[in-house]
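**Student:** coordinates only, sequence not included:
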């Protein structure tokens, strides 16, 4: 029996979350709280089940990838815009990850937001977020991709600023919106370049004709020729820099913590920030045409992976530590894209979605227990009060730091090894070596801030008793009560357990098929998982080299860790965090006093916030003020009002001359005659 993916099935996958969002949003009062969460959870659950079925059809039954248009959006001349779906294994994997994480976030939200007045509105937004991301990953053309791209940006704006009476939340959502507009401007230029060069926005058409632009140049600045492929790819990647929060367009992501914790998990794990990584992997036929664009991606990713991770070391807000961890891990994914290890990048995207959602939801569980306290300096000793939260967060932390046999190890270690191979080939020059050292040292940084969070929150002295009754006795939501921690309700802990399972196991069973084209044990050869979805130039195929030299099954790769410097750096980070934040916490205070200047630099986030606020935002305000001054004083004052005043002055003089007395007119005629005679005489002489 030959399996074929149904168009109606794909439409149902996309429309189910949208229907739930519409009902919860427009009819929230009628259906009530229970109705709102029931209909949205049902919609996302149905979408998740159908997405899993599509993935099973592609992987288990050998169904052919789906690429068809649903309907024509518009037609202008010879240019057509369609709404359609391209569903291959890359898309199906993203669909399952997005809907599964979103489903658990929906369940978690019942417990986290149960006292919030905007309960129905929140469920409507997160369901709409899921719809937008599905439209993005399932699109078969650039215009629909851009629609989904902007839709996730819009909904993230609504969710980050969900508590719109909170000034910091309003500032954060505006910051996210404006910074992403910078990236989206580049993205739109890239799409325009694609349309200009190929005359089509359809993926299949563009990818099939991509080799035609290799070696083609264009003149942007007179006398300087630029590679067409490089210009298009860098413009597209600038869009990814905004959505996937790469330096210097990363400043919005930590501030997105101002939104409720469930949306922090959804943004950071499975939706908005993964859009840029997915887009570059999907566009691999274009990016493989430009080594310059790949070098640019590699440099940006390496910078983000290491330097933003350092900021996480000095953060005390539990959610912000996890947020800077997301920035760093997105940098790892971007590095993988830059060395043409696209499959490793999207594989890390998948594994990271599970353990990062787990860590965010675990942090939210802690925040609930601490009555919405988020400062880790006012926590400590929570392990005995919150055993489920503790053990699941421990598993998530072990996955994040790439502990052998955990899912994060198989995705992150492969990226480090692929970067090492790319650096050794010297294809990227000094950027390749810089990237390797960035991701290698990043292993130490990741372990240090991750275990620092764990030890400050769950171990040591119960510092929350010292802070009770002071400035945090009344939280942002007006909750009062005894500051006694407690385990969260089952609607919070069940999603933690369900996320902990893939955080531990999924890497062991999927690394072979998804990364190296073997069965899970590493023995039987299979077709590459992303065959047809990702294209890599044979000269840059580091994953093929890794398969020959390193891959002998998941057990052998995990045992190889003892030979890898990243493993020992991870152990060093764990050991330093253990000493400074559990055994001898006074060392942490002493270290901050000793290294005041580096700590201040990290706390100021290298000045990027000041640059954006005072530079871009402040400069825009000053430009607006200058424009207003020109408009008020020059345009209105001189041109418009000045012209009117001049006409009025001439009119007043003319009215004075038109007196109506005959002798006035006779005098004017005589005076004019004298002037005329004088001119005539002077001319004759």
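**Tutor:** Arrived safely, thanks for sending. Just so it is clear, the model here is predicted, and its values are computed rather than measured.
**Student:** Which parts of the stretch 201-350 of the chain are helices?
**Tutor:** 203-208, 228-243, 252-255, 261-269, 272-282, 284-287, 291-312, 318-338, 342-369 (DSSP state H, counting those that start in this stretch).
**Student:** residues of stretch 362-378 that come out buried?
**Tutor:** 362-371, 373-374, 376, 378 (16 or more other Cβ atoms under 10 Å). To be clear about C-beta, it is placed using only N, CA and C from the backbone, and glycine gets the same treatment.
**Student:** just how off-centre is it within its chain?
**Tutor:** Centroid separation for stretch 362-378 versus its chain: 24 Å, with Cα atoms, centre = their mean, to the nearest Å.
**Student:** Could you pull up the mean pLDDT of it?
**Tutor:** Mean per-residue pLDDT for stretch 362-378: 89.
**Student:** measure that stretch end to end?
**Tutor:** This stretch, stretch 362-378, spans 17 Å end to end (Cα to Cα, to the nearest Å).
**Student:** now for whichever helix or strand residue 170 is part of, which elements pack on it?
**Tutor:** Assigned by DSSP states H and E, residue 170 belongs to helix 167-198. Applying 3 or more Cβ pairs under 8 Å, 6 or more residues apart in numbering; DSSP states H and E, we find helix 167-198 packed against helix 142-160, helix 203-208, helix 228-243, helix 252-255.
**Student:** quick one, it and helix 228-243 angle?
**Tutor:** Angle between the axes of helix 167-198 and helix 228-243 is 160 degrees (criterion: axes from the mean of the first three to the mean of the last three Cα atoms, to 10 degrees).
**Student:** What are the buried residues along helix 167-198?
**Tutor:** Buried residues in helix 167-198, counting neighbours by 16+ other Cβ under 10 Å, are found at 169, 172-177, 179-180, 182-184, 186-191, 193-194, 197-198.
**Student:** Tell me the one among the buried residues of stretch 362-378 nearest to residue 589.
**Tutor:** Residue 589 has its nearest neighbour among the buried residues of stretch 362-378 in residue 376, at 14.0 Å by Cβ to Cβ.
**Student:** With adjacent residues omitted, what lies nearest to the closest one?
**Tutor:** In this structure, residue 376 finds its nearest non-sequential neighbour in residue 456, 4.2 Å apart by Cβ to Cβ, 6 or more residues apart in numbering.
**Student:** ok, that neighbour to residue 401 distance?
**Tutor:** Distance check for residue 456 against residue 401: by Cβ to Cβ, to the nearest Å, it reads 16 Å.
**Student:** Could you pull up the residues touching the residue nearest to residue 376?
**Tutor:** 376, 377, 379, 380, 581 (Cβ atoms under 8 Å, 6 or more residues apart in numbering).
**Student:** tell me which residues in the strand or helix carrying it are buried?
**Tutor:** Using DSSP H and E, residue 456 sits within helix 430-458. For helix 430-458, the neighbour count (16+ other Cβ under 10 Å) marks 431-436, 438-458 as buried.
**Student:** angle of that helix against helix 291-312?
**Tutor:** Interaxial angle, helix 430-458 versus helix 291-312 (the same axes, to 10 degrees): 30 degrees.
**Student:** Could you pull up the mean pLDDT of helix 430-458?
**Tutor:** 94.
**Student:** what's the angle between that helix and helix 342-369?
**Tutor:** Using the same axes, to 10 degrees, helix 430-458 lies at 20 degrees relative to helix 342-369.
**Student:** Okay, angle between helix 430-458 and helix 318-338 too, please.
**Tutor:** Counting by the same axes, to 10 degrees, helix 430-458 points 160 degrees away from the direction of helix 318-338.
**Student:** In this structure residue 272 contacts residue 153, no?
**Tutor:** Yes: taking contacts as Cβ atoms under 8 Å, residue 272 lies within contact range of residue 153: 7.3 Å.
**Student:** quick revisit: residue 116: which of the helices of the stretch 201-350 of the chain is closest?
**Tutor:** Of those, nearest to residue 116 by Cβ to Cβ is helix 261-269, at 10.7 Å.
**Student:** Please name every helix or strand in contact with that closest one.
**Tutor:** Counting contacts by 3+ Cβ pairs under 8 Å, 6+ apart, helix 261-269 packs against helix 89-112, helix 119-138, helix 142-160, helix 318-338, helix 342-369.
**Student:** For residue 46, find the nearest of these.
**Tutor:** Of all these, it is helix 89-112 that lies closest to residue 46, at 9.1 Å by Cβ to Cβ.
**Student:** Flag every buried residue along that closest one.
**Tutor:** Residues 89-112 are the ones in helix 89-112 that count as buried (16+ other Cβ under 10 Å).
**Student:** ok, now stretch 201-212?
**Tutor:** Neighbour-count burial for stretch 201-212 flags 201, 202, 203, 206, 207, 210 (criterion: 16+ other Cβ under 10 Å).
**Student:** Work out the gap between that stretch and the centre of the chain.
**Tutor:** Taking Cα atoms, centre = their mean, one finds the center of stretch 201-212 at 26 Å from the center of the full chain.
**Student:** Could you pull up phi and psi at residue 341?
**Tutor:** With angles defined as degrees, to the nearest 10, residue 341 sits at phi -90, psi 60.
**Student:** Do I have it right that it meets residue 542?
**Tutor:** Yes: under the criterion of Cβ under 8 Å, residue 341 is in contact with residue 542, at a separation of 5.3 Å.
**Student:** Please identify the buried residues of the host helix or strand of residue 21?
**Tutor:** Assigned by DSSP H and E, residue 21 falls within helix 7-26. Going by neighbour count (16+ other Cβ under 10 Å), the buried part of helix 7-26 is 10, 13-25.
**Student:** Reformat those as CSV; add distance to residue 284.
**Tutor:** Formatted as CSV, those follow (distance: Cβ to Cβ, whole Å):
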residue, distance to residue 284
10, 23
13, 24
14, 24
15, 29
16, 30
17, 28
18, 29
19, 34
20, 34
21, 32
22, 36
23, 39
24, 37
25, 37
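**Student:** And this protein, what are its domain boundaries?
**Tutor:** What the TED database lists as the domains of the chain is 291-465+486-507+538-583, 610-684.
**Student:** Of all those domains, which one comes closest to residue 522?
**Tutor:** It's domain 291-465+486-507+538-583; of the domains of the chain, that one is closest to residue 522 (Cβ to Cβ) at 3.0 Å.
**Student:** Now do the closest one: distance to the chain's middle.
**Tutor:** On Cα atoms, centre = their mean, the centre of domain 291-465+486-507+538-583 falls 17 Å from the chain's centre.
**Student:** got the end-to-end distance for that domain?
**Tutor:** Start to finish, the residues bounding domain 291-465+486-507+538-583 are 49 Å apart (Cα to Cα).
**Student:** Can we start the residue count at 304 from this point?
**Tutor:** Okay, residue one is now 304; in that scheme the one you just asked about reads as domain 594-768+789-810+841-886.
**Student:** which stretch among the helices of the stretch 504-653 of the chain comes nearest residue 875?
**Tutor:** Nearest of the helices of the stretch 504-653 of the chain (Cβ to Cβ): helix 594-615, 14.7 Å.
**Student:** mean confidence for the closest one?
**Tutor:** Mean predicted lDDT for helix 594-615 stands at 94.
**Student:** Mind giving me the packing neighbours of that helix?
**Tutor:** helix 531-546, helix 587-590, helix 621-641, helix 733-761.
**Student:** Fine by me, thanks again.
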